[in-house]
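K.L.:
My questions are about this predicted structure, shown below with the sequence.
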Amino acid sequence: MSQPNKIEYQKNGRFTRPDSTFRDFVSADPNSKFPAEKGRYALYISGGCPWAHRTNIVRSLKRLEDIIDVYILSASMSDKGWWFDGLNGTLPKDPLYGFTYLRELYYKVDPDFDGRFTVPVLWDKKTETIVNNESSEIIRMFYTEFDALIPEEFREVNKPGGGLYPEHLRKEIDEINDWVYNTVNNGVYKTGFATKQETYEENLYPLFKSLDRLEDILASHGKPFLLGDQFTEADIRLFPTIVRFDTSYHTVFLCNLKSIRHDYPHLNKWLRRLYWDEGSKVTGGAFHKTSAPWIHLYATGYARGRASVTKLEGPVIIPRGPAVPVEPLAENEKIW
Ligand SMILES: N[C@@H](CCC(=O)N[C@@H](CS)C(=O)NCC(=O)O)C(=O)O
């Protein structure tokens, strides 16, 4: 194996997230470099990672489970990063090459790779390479590019309102994604991985300002989703952060001005509706099946991650509360 990963995460007390490295696309065009084909691609994820979580949600939502394999690594990182530990329903070894560590897959593509060994990874079994390791791009390929291979009713063109990222809503979705990414999805990391009081507070207050803003959006239109009646990419990208909030970001990452369950009733209902839908036609249970098996492990991964990134010394204590990870959904609150 090559030299150890030299990426710096901390600059002046601030957590910085380097850009993803592999940025190719799977395409519906059979003559493209990476054409959509059944059984050709595999998605490497960890159940703990919120960025990987998005891709796993969309794989299920789009009924791609028989078309794209998913290989699940450990829920927490080892000192050599993500690995196959065989615990909690994960695989004991990489099913394609017998690797133990994800970094071996990156080195297979480039023995001199010196970036981050991140999940998710979209792997092409045919050319044996990484197509893409940026979740925001992987989910967009999944929306449309495999549509010829799935039942007609789940294709984007046939969905009421044009699907998850329809042309007429793109501007609005992109605008929400932008501030939600910076202050919420990545905001929790910038808060939890800060190593100075000022940088912690510099990220903490904008995070809660954005949660207040999300609550206001849902409260003001009184409809189930961020953009109203239509469920879109904006909801998908927010979900992995909100489902981890009370059990991990509030506790381990010190994002504790408020909690979802006690202070954000609309956001909490939005969360409970998505989480507790275990199999309607709309979601196919995509949110539940990609969260429930790992929800009790999130805090462990984050506590270890925080100790490592902020170079904390001493034993890592895992907060075990709250006792109920996501509050139940009453029958009359269900939409599906
Ligand atoms: N921009 C990437 C970020 C992915 C990412 O940061 N994943 C984390 C896990 S939550 C990771 O694999 N970190 C490994 C490392 O930094 O060594 C995406 O959204 O796909």
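P.N.:
Alright, I've got the coordinates. Small disclaimer: the values here were computed from a predicted structure and weren't measured.
K.L.:
Quick check: closest non-adjacent residue to L267.
P.N.:
Among residues not flanking L267 along the chain, E215 sits closest, at 5.2 Å (CB to CB, 6 or more residues apart in numbering). No exception for glycine: its C-beta is placed from N, CA and C like everyone else's.
K.L.:
tell me the domain boundaries of this structure?
P.N.:
The chain breaks down by automatic domain parsing into domains covering 10-158, 171-333.
K.L.:
Next one: the last one, is it in contact with the ligand?
P.N.:
When you say that, I think you mean domain 171-333. No - using CB under 6 Å from any ligand atom, we find that domain 171-333 stays clear of the ligand, coming within 7.9 Å at best.
K.L.:
Could you give the separation of that domain from the chain centroid?
P.N.:
Counting by CA atoms, centre = their mean, to the nearest Å, domain 171-333 is centred 11 Å from the centre of its parent chain.
K.L.:
That domain - what's its average pLDDT?
P.N.:
Confidence for domain 171-333, expressed as mean pLDDT, is 97.
K.L.:
returning to what we had before: contact partners for the residue nearest to L267?
P.N.:
E215 makes contact with Y264, P265, H266, L267, according to CB atoms under 8 Å, 6 or more residues apart in numbering.
K.L.:
Need the three-state assignment for it.
P.N.:
Secondary structure for E215, judged by DSSP: H, G, I helix; E, B strand; the rest coil, is helix.
K.L.:
Contacts only, for the closest residue to Y275 other than its chain neighbours.
P.N.:
Taking CB to CB, 6+ apart as the measure, Y275 lies nearest to V326, with 4.8 Å between them; neighbours along the chain are not counted. The contact partners of V326, by CB under 8 Å, 6+ apart, come to V243, L271, R272, Y275, W276, I295.
K.L.:
Which pair of the contacts of E215 spans the longest distance?
P.N.:
Across the contacts of E215, no pair lies farther apart than P265 and L267, at 7.5 Å, counting by CB to CB.
K.L.:
higher neighbour count, those two?
P.N.:
Each of P265 and L267 had its neighbours counted (other CB atoms under 10 Å), and the higher figure belongs to L267 (22 against 13).
K.L.:
Would you verify that that one is located in a strand?
P.N.:
No - secondary structure assignment (three-state DSSP) places L267 in helix, not in a strand.
K.L.:
quick one: which of the contacts of E215 is nearest V121?
P.N.:
Looking across those and measuring by CB to CB, the closest to V121 is L267, at 30.7 Å.
K.L.:
thinking again about what came up before, pick out whichever of the contacts of V326 sits closest to the ligand.
P.N.:
Using CB to the nearest ligand atom, the shortest approach to the ligand within those belongs to V243, at 13.8 Å.
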